[in-house]
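In: okay, here's the prediction I keep looking at, along with the sequence it came from:
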Amino acid sequence: MGNNSPLATRPPFRRWAHLALFTIALVSVVFFHSSTFISSALSQSSPQEIAHRSQILSECAYIHAKPGPPPNFHFRTQKNTTPVLVRNATIWTAADNGHEVLTGDLLMHRGLIKAIGNVELNNTKLEVIDAHGAWVTPGIVDLHSHIGVGSAPQLNGASDTNSRKAPILPWLRSIDGLNTHDASYELAMAGGVTTAQILPGSANDIGGQAFIMKLRPTAERSPSSMLLEPPYTLNGSHFDHSLTPRWRHMNARKLRDAQDAFCAKVESNSWDDLAGKTFPEDLQWESLVDVLRGRVKLSVHCYEAVDLDGIVRLTNEFEFPVASFHHAGETYLVPDLLKKMWGGTPAIALFASNFRCKREAYRGSEFAPRVLAEHGIDVVMKSDHPVVNSRYLLHEAAQAHYYGLDPALALLSVTYTPATAMGMGHRIGMLKPDLDVVIWSSHPLSLAATPTQVYIDGIPQLSLPGRYVAKGPTTPPRTPNFDSEKVATVVHEGIPPLEPRSVKGALFMNVSGLYMRGDGSSGVMRVSERAGSVGVEDGRVICVGRCSDFAEGVVDIVDLEGGTIIPGLTSFGAPLGLVEIRLEPSTNDGRVHNPLDGDLPAVLGDAIMRAQDGLMFGGQNLLLAYRGGVTTAITAPSGTFLQGVSTAFSPGAAHARVENASVVDEVALHVAVSMSSKVGVSTQVAALRNILFGEGGDKVLRRVRKGKTTLVVDVESADIMATLLRLKDEYEAHSGRELHMTFAGATEAHLLAHEIARAGVSVIVAESKPFPSTWEQRRILAGPPITQESLVTALLKAGVNVAIGVVDEYNARNTRFEVGWSLLTSNGYIDRTTALALATTNLEKALGVPREMPQDLVAYRGGDVFEFEAKVVGVISETLGRTDLFE
């Protein structure tokens, strides 16, 4: 922790001399000519020839100019911006390799930081904010975003991420397609993101030129007014293994060499040889020539070792640097290879846990940031927005920290390191003159850290600063020890063995809290606040507290170091057990046939598809979910409209024939009603009405009609939900029986929360951190700091039975963090037992699970379960009749 010190005592701000990003500074002086030479070159010539030679001299000066920041600082401030003094703050400056933390004040004026430390108040017109010790950091910087080109909500008329006209498109520019009305800007700023590098997409070998934008709205309302500086770069994404890269660089190299030869004649004053000739130019290849000259920062989308090796060879053959590898799933397996890059080792831009959606990403690891950092390689956490909502980019850094990345490097990974990788370290990423500042509700690496105010160019961006944000811990999370898991991941090249070690009995020592399923409003109760010891045998708790007799037996002793034992979580929404690698059809159960697309095969008769028939055990996503505290997965078939029947099973079972691997064979009937379907909403509702009011059919459908099985409807739009509520009323009036209905997804459910509650309909919130991805999700309840309520709290307050699910199979392992997010952003409305119910008893009630669930428990070592602290070390599985240990 640094001492109080005013900024005036520190070295003055410097113009940083290292390579600047995409800025190619235009110069008006020919560096390699003396004034005498210029005079001789232009003497005794006609005015036209003088003008022609002057143009040539400028062009030659341009290609030889050293890249760097422009000579004049590009101010982005607005007039009449009120000076702001933040008092009593904990200020992380990003200096000293991320270790400088000052306590005191921060003065901002006219878009610049004027002082840090003990600031004397001598201007009565200041706006004074008392931070009460809150953390202050530079604005978050996103190195890899498609915000503005991959707009929200997704609409064909606003989709400009990729151009599929050719594999090589270096002349395309993201700024030319930037949508200034993207709903994501406000959301990103609400997460502290102030600057983003907007990349073209990765559908091409070269996608085009990226631009760096400040995200705040401007008076001009134009893309150009959002530019940090007028730079450009290339997103050289996913290089092929064919001759295409060589052909591409050969053309660019020929043009570069022709320019150099031309300018060599200029330097030697051989004007006669240049008579009638013009400076060699080709707009198609000019940006690639700048790549070869090292004048731009090249971003390369690249996953596997074979691709990385190819780029290393290309850079050495053609002598050009790469600024950053993006996605880069296998970089942690080949750190020494990366250091062979021509021009230096690139920064590596990673996801925290979004892996395995395609084969080339299958070996990605949550330990990659730590491993790379241990090899001295710069690590960047990125969003690839909207793949990961950039609002939660800091959450990516916090996850990397949880899995072992040094806290200073974790904060740098979303501030100064990406700023440097894009060549803007002289402007952003550190508390320096170009002011982007975020005040946080808690330590930035804690779960659910939320801005209470965001300043971009000295201008506040949150309309109600701090009003909706509960204060959290000011100290960093006490992260677990994952040393053995990290080593195993590297040794097994990204696919470590994840199966547990099963034992008959175990004694858990130093247990703080014990929570179990039981009586009470939430169905979860706290059995003991200081349990001490908990003995288990055959998957059941035998003793709590006084376990001396039990300890004398042959049992494994597990020290929880003050940790907690809680009910195992239930996962729903992601196709766990049906999908392993989403984009590899041969690894998946596949999508069910949609009867609205045509007649079903006659062999199916009236049968409805059952998820149980397609289950696959032992997959990476399934076992990681189990290691993350998920002891029951409820999965429905994938498809549109009539999806099928869900099943509940144990992720820890080795195969379907293990005793009790299936917890409930048939849980609920699932349908989807969406504006994104090939047929209209009215057609889908008519088909659902016909199914409900009909007779016969599959036995599960008959149970739905009798009110014995729940009908779960995947639906996002409040308008469609209102229609479904009316359909429910119609059916109940017609049949005299209750129709048990649940909405899943339900992004817009807050708009009719009380109507849903009166109808007795449950809601499973699929995305507790909402995003308006589609038109029918556009009316989100954003939650703090934009709105006081989140979707979960709004529904709970209306009296709705609410549960939490996840959408992506990789995210099932993070279910407890999703629950923790809802807990920590509820402003105290949700307590811990209610939070646990969101992913256990509430979820099972919403799905209509027709039995009392097993008393499966999960043991966490150390720290807070609902923080980036505790680590799962064991599952006490009543379902499987054993205790599974993960060490």
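Out: Good, I have the coordinates. Every value quoted in this text rests on a predicted model; they were computed, and no experiment measured them. Numbering: from 1, shown residues only.
In: show me the contacts for the residue most central in space within the chain.
Out: Centroid-nearest residue in the chain, with Cα atoms, centre = their mean: Val388, separated by 3.3 Å. Residues in contact with Val388 (Cβ atoms under 8 Å, 6 or more residues apart in numbering) are Phe351, Asn354, Glu396. Glycine gets a C-beta too; all of them are placed from N, C-alpha and C.
In: name the SS class of it, please.
Out: Reduced to three states with DSSP: H, G, I helix; E, B strand; the rest coil, the structure at Val388 is coil.
In: relative to Asp808, how far out is it?
Out: Using Cβ to Cβ, to the nearest Å, we find Val388 at a distance of 10 Å from Asp808.
In: which neighbours do these two share?
Out: Joint contacts of Val388 and Asp808 (Cβ under 8 Å, 6+ apart) are Asn354.
In: all strands for the stretch 751-887 of the chain, in order.
Out: Counting by DSSP state E, counting those that start in this stretch, the stretch 751-887 of the chain has these strands, from start to end: 762-765, 802-804, 857-861, 871-877, 882-885.
In: residues in contact with the second one?
Out: When you say that, I think you mean strand 802-804. Here strand 802-804 has contacts from 572, 762-765, 768, 792, 795-796, 815, 818-819, 822, 838-839, 842-843, 845-846, using Cβ under 8 Å, 6+ apart.
In: can you do 7 Å?
Out: For strand 802-804, the external contacting residues (Cβ atoms under 7 Å, 6 or more residues apart in numbering) are 762-765, 768, 792, 795-796, 818-819, 822, 838-839, 842-843, 846.
In: out of those, which is most surrounded?
Out: Val792 (31 neighbours; other Cβ atoms under 10 Å).
In: give the contact list for that residue.
Out: Applying Cβ under 7 Å, 6+ apart, we find Val792 in contact with Val765, Ser768, Val802, Ile804, Ser822.
In: which two among those residues are spaced furthest apart?
Out: Using Cβ to Cβ, the two most remote members of those are Ser768 and Val802, lying 10.0 Å apart.
In: immediately after the host helix or strand of Leu393, which helix or strand?
Out: Using DSSP states H and E, Leu393 falls within helix 393-402. Using DSSP H and E, the helix or strand that follows helix 393-402 towards the C-terminus is helix 407-412.
In: show me what the helix or strand just after that next one is packed against.
Out: Counting by DSSP H and E, the next helix or strand C-terminal to helix 407-412 is helix 416-421. If you count contacts as 3 or more Cβ pairs under 7 Å, 6 or more residues apart in numbering; DSSP states H and E, helix 416-421 packs onto strand 140-145, strand 379-381.
In: and the shortest one, which strands flank it?
Out: This means strand 379-381. strand 347-350 (parallel) (DSSP bridges).
In: what is the mean pLDDT for stretch 375-393?
Out: Taken as a whole, stretch 375-393 has an average pLDDT of 97.
In: ok, stretch 336-348 next?
Out: Across stretch 336-348, pLDDT averages out at 97.
In: what's the answer for stretch 76-95, then?
Out: 90.
In: for it, buried residues please.
Out: Arg76, Thr81, Val84, Leu85, Val86, Ala89, Thr90, Ile91, Trp92, Thr93, Ala94, Ala95 (16 or more other Cβ atoms under 10 Å).
In: widest-spaced pair of these?
Out: Going by Cβ to Cβ, the pair spanning the buried residues of stretch 76-95 furthest: Arg76 and Thr90, at 26.8 Å.
In: that older thread, deepest of the helices and strands packed on helix 416-421, which one?
Out: Most buried of the helices and strands packed on helix 416-421, by mean neighbour count (mean count of other Cβ atoms under 10 Å): strand 140-145, with a mean of 31.
In: can I get that strand in CSV, CA atoms only?
Out: The C-alpha trace of strand 140-145 is given here as CSV (Å, rounded to 0.1, in the frame of the first residue of the first chain):
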residue,chain,number,x,y,z
ILE,A,140,-11.8,-0.8,-18.0
VAL,A,141,-10.3,-1.3,-21.5
ASP,A,142,-11.6,-4.0,-23.8
LEU,A,143,-9.0,-5.2,-26.3
HIS,A,144,-11.5,-7.4,-28.3
SER,A,145,-15.0,-6.1,-28.8
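In: ok, Val667 to Arg851 distance?
Out: To Arg851, Val667 is 10 Å away according to Cβ to Cβ.
In: which one of the two is surrounded by more residues?
Out: For Val667 versus Arg851, the count of surrounding residues by other Cβ under 10 Å is larger for Val667: 27 against 10.
In: ok, and what's touching stretch 673-685?
Out: By Cβ under 7 Å, 6+ apart, stretch 673-685 touches 596-597, 640-641, 688, 713, 715, 717, 720, 723-724, 727, 774-776.
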